[in-house]
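[1] coordinates for the following, if possible.
(one chain, ligands or ions: 1)
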Amino acid sequence: MKVIETELEGLKIIEPEVFGDDRGFFLETFQQERFNSLVAERVFVQDNHSFSTKNILRGIHLQKHLPQGKLVRVVEGEVFDVAVDLRPDSKTFGQWFGLVLSGENKKQMWLPEGFGHGFLVMSETAHFEYKCTSFYSPDDELCMAWNDPTVSIDWPIHSCPVLSEKDQKGVKLIDLKKTLLDL
Ligand SMILES: Cc1cn([C@H]2C[C@H](O)[C@@H](COP(=O)(O)OP(=O)(O)O[C@H]3O[C@H](C)C(=O)[C@H](O)[C@H]3O)O2)c(=O)[nH]c1=O
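    Predicted coordinates for the structure are as follows:
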């Protein structure tokens with residue numbers, strides 16, 4: 001397993017070892033001891049799986065009081081996955097990092113607690129799976145606007161994405177910061 005640091009402290013890219021043979025391939029998608037020693041000391045309590053079609057954009061989401069660390073991957077298809085540093089005291093607050101995750105490249109991303117997360121589906125369909133370090137808490141969830149000009153995420157998009165009602169009402173970074181700081 002290869003672990004690559006990013007310019008956002010704590011956010012890491014993971015390239016698992018893939019064992020190919022004439023039947024196909026095998027890889028360990030998660031191994032607690034290796035994760036603890038090479039990525040971060042965490043215990044995961046919930047696994048999620050979402051299925052989406054092309055041009056669907058989910059996010060940018062985070063939970064405020066029960067922040068979720070996330071280990072994300074694409075089982076089938078291709079997405080542009082985005083992490084936004086929403087840790088109020090971080091020197092890179094408001095900065096984003098994006099990466100193509102696909103069933104093909106088998107890459108994973110580790111987002112520590114305090115990051116906003118979202119993705120845009122680039123393939124016809126995508127099966128997205130991720131592990132979370134705390135439970136889903138809908139009343140605690142915040143949604144940042146996917147297209148906030150002060151964050152200016154460079155989505156590989158050529159038309160308006162398909163958004164949930166919730167995501168259509170995503171808030172601007174400046175307002176999200178006030179909420180995060182209880183201002
Ligand atoms: C997230 C979640 C959702 N749900 C239910 C609630 C709704 O009835 C339905 C769809 O929920 P939502 O529209 O919030 O799903 P996404 O838009 O994919 O939300 C996710 O999008 C971005 C990419 C994330 O990183 C978050 O984990 C998560 O917010 O699943 C649950 O029962 N448990 C859960 O953990």
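[2] how about the backbone phi and psi for L8?
    Phi and psi for L8, reported as degrees, to the nearest 10, are phi -100, psi 110.
[3] quick one: it from the ligand, how far?
    16 Å (C-beta to the nearest ligand atom, to the nearest Å). The way it works is simple: take the backbone N, C-alpha and C, and place the C-beta from them, glycine included.
[4] what of N55?
    14 Å.
[5] for that residue, grab the count of nearby residues.
    Using other C-beta atoms under 10 Å, N55 has 16 neighbouring residues.
[6] do T53 as well
    12.
[7] contact partners for it?
    T53 is in contact with V121, E124, T125, A126, V162, counting by C-beta atoms under 8 Å, 6 or more residues apart in numbering.
[8] distance to the ligand, pLDDT and secondary structure for the residues you listed - can I get that in a markdown table?
    Shown next, in a markdown table, are the contacts of T53 (distance: C-beta to the nearest ligand atom, whole Å; pLDDT from 0 to 100; DSSP: H, G, I helix; E, B strand; the rest coil):
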| residue | distance to the ligand | pLDDT | secondary structure |
| --- | --- | --- | --- |
| V121 | 11 | 98 | strand |
| E124 | 18 | 97 | coil |
| T125 | 15 | 98 | strand |
| A126 | 11 | 98 | strand |
| V162 | 11 | 98 | strand |
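[9] including neighbour count, could the residues you listed go into TSV?
    Formatted as TSV, these follow (neighbours: other C-beta atoms under 10 Å):
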residue	neighbour count
V121	24
E124	10
T125	13
A126	24
V162	15
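[10] so which of those comes closest to W110?
    If you rank those by distance to W110 using C-beta to C-beta, A126 comes first, at 19.3 Å.
[11] my guess is that closest one contacts V79, does it?
    Yes. At 5.2 Å, A126 counts as touching V79 under the criterion of C-beta atoms under 8 Å.
[12] residues in this protein within reach of the ligand, list them.
    With C-beta under 6 Å from any ligand atom as the criterion, the chain meets the ligand at residues N48, S50, R58, G59, H61, H117, G118, F119, Y136, S164.
[13] change it to 8 Å
    Where the chain comes near the ligand, counting by C-beta under 8 Å from any ligand atom, the residues are 46, 48, 50, 52, 58-62, 68, 70, 72, 117-119, 128, 130, 132, 135-136, 138, 141, 143, 164, 166-167.
[14] most distant residue from the centre of the chain?
    Largest separation from the mean C-alpha position in the chain: D22, at 32.6 Å (C-alpha atoms, centre = their mean).
[15] find the centremost residue of this protein, please.
    Nearest to the geometric centre of the chain sits H117, at 4.0 Å (C-alpha atoms, centre = their mean).
[16] that's all I had, so thanks and see you.
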